[in-house]
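> Sequence and predicted structure below; questions after.
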Amino acid sequence: MVDIASQGSMIESLIKLAKEYLDDLNEDRVRDAFNFAKNAHEGQLRKDGSPYISHPVSAAEILTQLHADEDSLIACLLHDVPEDTDITIDEIKAQFGESVSFLVEGITKLSKVHYRNDMAARQIESLKKLFLHSAKDPRIILIKLADRLHNMSTIESLPKPEKRERIARETLEIFVPIANLLGIWQLKYPLEDACFKVLHPEDYARISEQVKESQAERSELIKESINKVKEVLYKHDIHVISILGRRKNLYSIFRKMKRSRKSFNQIYDLIALRVIVDNVSACYRTLGAIHQSFTPKMGRLKDYIAIPKSNGYQSIHTTIFGIKGTLTEIQIRTMDMHLENEFGIAAHYFYRAEQEVRQDKVKEKVLKKYEWVQKILALQRNVQGNDRFIKHLKLDIFEDRIFVFTPRGDVIDLPRGATAIDFTYHIHSDLALRAVDCNINGERKAITTPLKSGDVVRINTSEEAEGPEVKWLDMAKTNLARSKIKEFLKERDKTELIMAAETLLQRKLEYFTDRAHIELSKDEKIYLLQAFHLDSWESLLINIGDGSLDVHELMAKLFDYEQGNSHLNEGITQLAFCVEVENKVGILGRICNVISMLGVNIMKVESLNTAKNVILKLWVEIENYEQFEIILREILKLKGVLDVKKDTKKAL
Ligand code: MN
């Protein structure tokens, strides 16, 4: 048991660590956060019997190694409060402000990332993306990694071996690659070694013993080798930015032993150095100089500068007989290559930063392991730069994907704009046959509702469900869903298809409230048949019904036709539609905002209160049919919007 006095010293030692690099640390704010968290977790114990508060404090201490800023440290102290206690995010916001509560909320959301032991590689890939995606601020990831590292280092107190193994595997498959991707070696290596210890306890014990035995001798050897190489390059008049000795962590030694089927001594005998020089021609001159001064080992020269690896990796590798005949592997590269190789995505940020700041100074600094993390932390104070970084992250990793949860917490990876229909098909096509509607974050919604990242979706089914409808095609985004729906519809008999198509077409036509009649004229029908190279109206309806003709395309054509015949408003058509919303302040503003963001004029708005909700009728001026469809979709995504309907009478 830890007594009150030692809990007090716990926070003082954290403050001391933080003050080493944060001159303007607000100590009282950190102490307040500590007391807040301590009270919230009062009575809770860790599995090893220590008071719960020891965990967030230790995680925050890990963060000080990365020189995390004050808000990150405070958020870390509070990180388990909303998850494990009755205290809400709002209370944290009231006491510690917006930016801390934003971080804490982000960490709480990440705890939804759900992992199972038997996950396929594809699902793990989605989980990784989800992880990066839901962390809107890189500091959230840093805190989460520190949290995980502390949990891993105390994992022995978990009684069940299966649970230990699951957590270790999850760490190795999700958290380690993320630390790697972001280049946070400081956290990656200890995480990896902690997993190694759980998953292969005997190998771990053996290798760590062997490393310990050879430690002292090796560090001396590395130091001498670096000096010797420096001397050689100096003689050849080659400017060196840096020479780094590489030390492998236990897990990578283990992996290499397994992969190459070599013994520990065969692998660990090797010394590895990295030489960083000014430009490509200096790389080749370095190689020449080294080969002139040491004997190279045959068959070990690889020129990944001339022929980069498929992942873009560039460097020249050679192995020489170095000091005392020790095999020494040398990697020669420029700073740009080094950054790209070591920091991956973060390097993109550095490139840009470098172009703007004094080149060499920044380069030299970046070599320190966690320098880039500090840069990101510093970026938080610079909104413009941060946007750029996030944009890069998005471009490179997220593309246009959203990540949605099943009620069990499995993550489904879908394209942006996907609806609950797509979700249904990604779970199972049979589910779609019985689907009626869905619950999104606990709220009942139509199956056609567009989804956004983080939504928890449950599909409601009924044995009486009639299966996929033509209008689903209208709202399905993925090829999988679309082709399955089409397949299903083709099976239905023709009369049903025609009826379904007529209903759908009717519904679409009703959006054109300025039309005198909903029936299409003979001229219009002929125009459409010609446009789609069909010979009868019946076959056109069947084509719509079975999904081979997209009703959107038909509407777009019709729209063009009408505009061609209209002499009044060239290029502009007025449409009206109704939106059913919850009776809440600000909702009309949000709707109007969405519409004007799309560059569409709003002509008139009428509002009508019903017993429970409000119906808004909007008249807009649109230039093409597509624009109208987009408006409807975007409005449906807004919080508080229940439905978008054709006209007032129907809506009531
Ligand atoms: Mn935690």
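That came in fine, so what should we check first? Residues are numbered from 1 along each chain as shown.
> If you count neighbours, what's buried in the helix or strand hosting residue 287?
Secondary structure assignment for residue 287, by DSSP states H and E: helix 280-293. In terms of neighbour count (16 or more other C-beta atoms under 10 Å), helix 280-293 has its buried residues at 280, 282, 283, 284, 285, 286, 287, 289, 290, 293. Backbone N, C-alpha and C define where each C-beta goes, glycine included.
> pLDDT score for the nearest residue to the second one once chain neighbours are set aside?
So that's residue 282. Leaving aside its sequence neighbours, residue 282 sits nearest to residue 238 (C-beta to C-beta, 6 or more residues apart in numbering; 5.8 Å). Note for residue 238: predicted pLDDT of 95.
> for residue 367, same thing?
Predicted confidence (pLDDT) for residue 367: 41.
> all numbers from here: first residue = 43
Yep, numbering from 43; the last one is residue 409 now.
> if we can go back for a sec, any residues touching the helix holding residue 329, and which ones?
For helix 322-335, the surrounding residues in contact (C-beta atoms under 8 Å, 6 or more residues apart in numbering) are 271, 274-275, 277-278, 280-281, 317, 319, 338, 343, 347, 358, 360, 362, 372, 374-376.
> again, but for stretch 136-153
In contact with stretch 136-153 (C-beta under 8 Å, 6+ apart) are residues 71, 74-75, 78, 113-114, 116-117, 120-121, 123-125, 131-132, 134-135, 173, 176-179, 181-182, 185-186, 189, 496.
> The residue of the stretch 193-342 of the chain found nearest the ion: what's it in contact with?
Proximity of the stretch 193-342 of the chain to the ion (C-beta to the ion) peaks at residue 193, 6.4 Å away. Applying C-beta under 8 Å, 6+ apart, one finds that residue 193 lies in contact with 97, 209.
> related to what we said a few turns ago, my guess is the residue nearest to residue 324 contacts residue 318, does it?
No. Between residue 280 and residue 318 there is no contact under C-beta atoms under 8 Å: 11.4 Å.
> who's more crowded, the two?
residue 318 (23 against 20; other C-beta atoms under 10 Å).
> Up against the ion, what does the protein have?
122, 189 (C-beta under 5 Å from the ion).
> care to break the chain down by domain?
Listed by automatic domain parsing, the domain ranges of the chain are 46-199, 244-389, 441-530, 536-606, 615-688.
> Dump these to a markdown table, plus distance to residue 213.
Shown next, in a markdown table, are those (distance: least, C-beta to C-beta, whole Å):
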| stretch | distance to residue 213 |
| --- | --- |
| domain 46-199 | 6 |
| domain 244-389 | 11 |
| domain 441-530 | 17 |
| domain 536-606 | 45 |
| domain 615-688 | 35 |
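> quick one: secondary structure of the residue of the stretch 393-542 of the chain found nearest the ion?
Closest residue of the stretch 393-542 of the chain to the ion, C-beta to the ion: residue 451 (17.6 Å). Using DSSP: H, G, I helix; E, B strand; the rest coil, the three-state assignment for residue 451 comes out as coil.
> list the contacts for it?
154, 156.
> So for it, what's the pLDDT?
Among the per-residue scores, residue 451 shows a pLDDT of 70.
> Then residue 432?
Turning to residue 432, the model gives it a pLDDT of 46.
> Residue 608 now?
pLDDT for residue 608: 54.
> What of the one 10 residues further on?
What the model reports as pLDDT for residue 618 is 79.
> my guess is it meets residue 659, correct?
Yes. In this structure residue 618 lies within contact range of residue 659 using C-beta under 8 Å: 6.2 Å.
> Can you check what angle separates the top helix by length along the chain from helix 322-335?
Identified as the longest helix of the chain according to DSSP state H is helix 243-277. Orientation check (axes from the mean of the first three to the mean of the last three C-alpha atoms, to 10 degrees): helix 243-277 against helix 322-335 gives 100 degrees.
> tell me which residues in the following helix or strand past helix 243-277 are buried?
With elements assigned by DSSP H and E, the helix or strand that comes after helix 243-277 is strand 282-288. Neighbour-count burial for strand 282-288, with 16+ other C-beta under 10 Å as criterion, is recorded at 283, 285.
> same thing with stretch 449-457?
Judged by neighbour count using 16+ other C-beta under 10 Å, the buried positions of stretch 449-457 are 452, 453, 454, 455, 456.
> Let's have the residues you listed in CSV, adding distance to residue 666.
Shown next, in CSV, are these (distance: C-beta to C-beta, whole Å):
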residue, distance to residue 666
452, 39
453, 36
454, 32
455, 32
456, 27
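> if we can go back for a sec, check contacts around the residue nearest to residue 324.
319, 324, 327, 328, 331.
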